[in-house]
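Participant: mind folding the following:
(one chain, ligands or ions: 1)
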Amino acid sequence: MRKFVIMGVQGSGKGTQSELLCGDLDLVHISVGDIFRWNVKNHTKLGAQVRRTMAAGELVSDDLVESVVRDRLHRHDWNYGFVVDGFPRNGRQAEFFMESFDIDGVIHLELAEDEVRRRVLSRRLCPNCGMDYNLIADRPRLEGRCDICGHELVTRPDDTPEALEARLRDYHEKTRPVLELFGRKEVVHDIDASPTADEVQQTIRDALRLPPYKPVAQNS
Ligand code: AMP
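Facilitator: Numbers count the residues shown, from 1 in each chain. The predicted model follows:
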């Protein structure tokens, strides 16, 4: 059983690295942001509760987030383990998490702020199938269209310059202290997130002493 938390500033590649890590290791990727986005897209009650907060780039209340994480982890569909992405984001959430689960490692993706802005503001999302793109490093084959389902790509409502500033402020004020908390109890691995996704993945695997990463050949 492998239980990891992935942390890092917006745009540092938490989602991408979680997916690469989960793929061949049979881990389950638990992204709190994805759970919320799914609920917003499907107009659920939870979606209605978080939609405005998310669009403004602000944090959802701890009570709500903790109940979503508790429900998700109690589903126990993660026989081989999980990668939690986007949680915990403040001291209270970290205490809640550490009381309930033992963690094998915390992956901390580090990225300079000018690169964060460059990456986040060029991010695009398929609202239909959830596929992520980046106009710098990971362009869709056909401009503005999803490679998988052909739907028109959109900008995430919280990827505006204003919302990004709010998220960066929260990250530095509230989320960075979580790393100090984890640093006392768990093993925090600081990983440079600036190389390519494949290189970053290999560095993560080396740091966590996991089986080597086998990149999937790119379709041209
Ligand atoms: P993410 O995709 O991780 O950047 O999350 C998108 C948005 O979901 C955040 O900007 C918050 O509004 C909300 N969110 C996700 N995770 C949390 C969390 N742990 N605590 C509070 N809000 C969260």
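Participant: what does the chain have sitting close to the ligand?
Facilitator: Remark: the part of the chain in contact with the ligand comprises 10, 32-33, 36, 53-54, 57-60, 65, 86-87, 89, 93, 158, 167, using CB under 6 Å from any ligand atom. Where you see a C-beta, it was placed from the backbone N, CA and C, and this is true even at glycine.
Participant: just the strands in the protein please.
Facilitator: Assigned by DSSP state E, the chain shows strands spanning 2-8, 28-31, 81-85, 105-110, 123-125, 132-134, 188-192.
Participant: can you put those in a markdown table and add mean pLDDT and mean neighbour count?
Facilitator: What follows is the strands of the chain, written out as a markdown table (pLDDT from 0 to 100; neighbours: other CB atoms under 10 Å):
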| stretch | mean pLDDT | mean neighbour count |
| --- | --- | --- |
| strand 2-8 | 95 | 23 |
| strand 28-31 | 96 | 20 |
| strand 81-85 | 96 | 22 |
| strand 105-110 | 96 | 21 |
| strand 123-125 | 93 | 19 |
| strand 132-134 | 89 | 17 |
| strand 188-192 | 96 | 17 |
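Participant: can I get those strands in a markdown table including distance to Glu143?
Facilitator: Listed next are the strands of the chain as a markdown table, based on distance: least, CB to CB, whole Å:
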| stretch | distance to Glu143 |
| --- | --- |
| strand 2-8 | 29 |
| strand 28-31 | 27 |
| strand 81-85 | 29 |
| strand 105-110 | 28 |
| strand 123-125 | 10 |
| strand 132-134 | 10 |
| strand 188-192 | 31 |
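Participant: look up the closest residue to Tyr133, ignoring the ones flanking it.
Facilitator: Leaving aside its chain neighbours, Tyr133 sits nearest to Arg124 (4.5 Å; criterion: CB to CB, 6 or more residues apart in numbering).
Participant: how about the contacts made by Leu109?
Facilitator: By CB atoms under 8 Å, 6 or more residues apart in numbering, Leu109 lies in contact with 6-9, 12-14, 17, 191, 193, 200.
Participant: swap the cut-off to 10 Å and go again
Facilitator: Applying CB atoms under 10 Å, 6 or more residues apart in numbering to Leu109 gives the contacts 6-9, 11-14, 16-17, 189-194, 200, 204.
Participant: ok, now how distant is the residue of the chain found nearest the ligand from Gln10?
Facilitator: Relative to the ligand, the nearest point of the chain is Gly33 (2.2 Å; CB to the nearest ligand atom). Counting by CB to CB, to the nearest Å, the gap from Gly33 to Gln10 is 10 Å.
Participant: again with Leu20
Facilitator: 18 Å.
Participant: next: Leu64.
Facilitator: Following CB to CB, the distance that separates Leu64 from Gln10 is 20 Å.
Participant: also Thr175?
Facilitator: Applying CB to CB to Thr175 and Gln10 gives a distance of 10 Å.
Participant: between the two, what contacts are shared?
Facilitator: By CB under 10 Å, 6+ apart, the residues touching both Thr175 and Gln10 are 86, 167.
Participant: what's the residue nearest to Tyr133 in contact with, if anything?
Facilitator: Per CB under 10 Å, 6+ apart, neighbours of Arg124: 131-135, 138-140, 144, 146, 152-156, 159.
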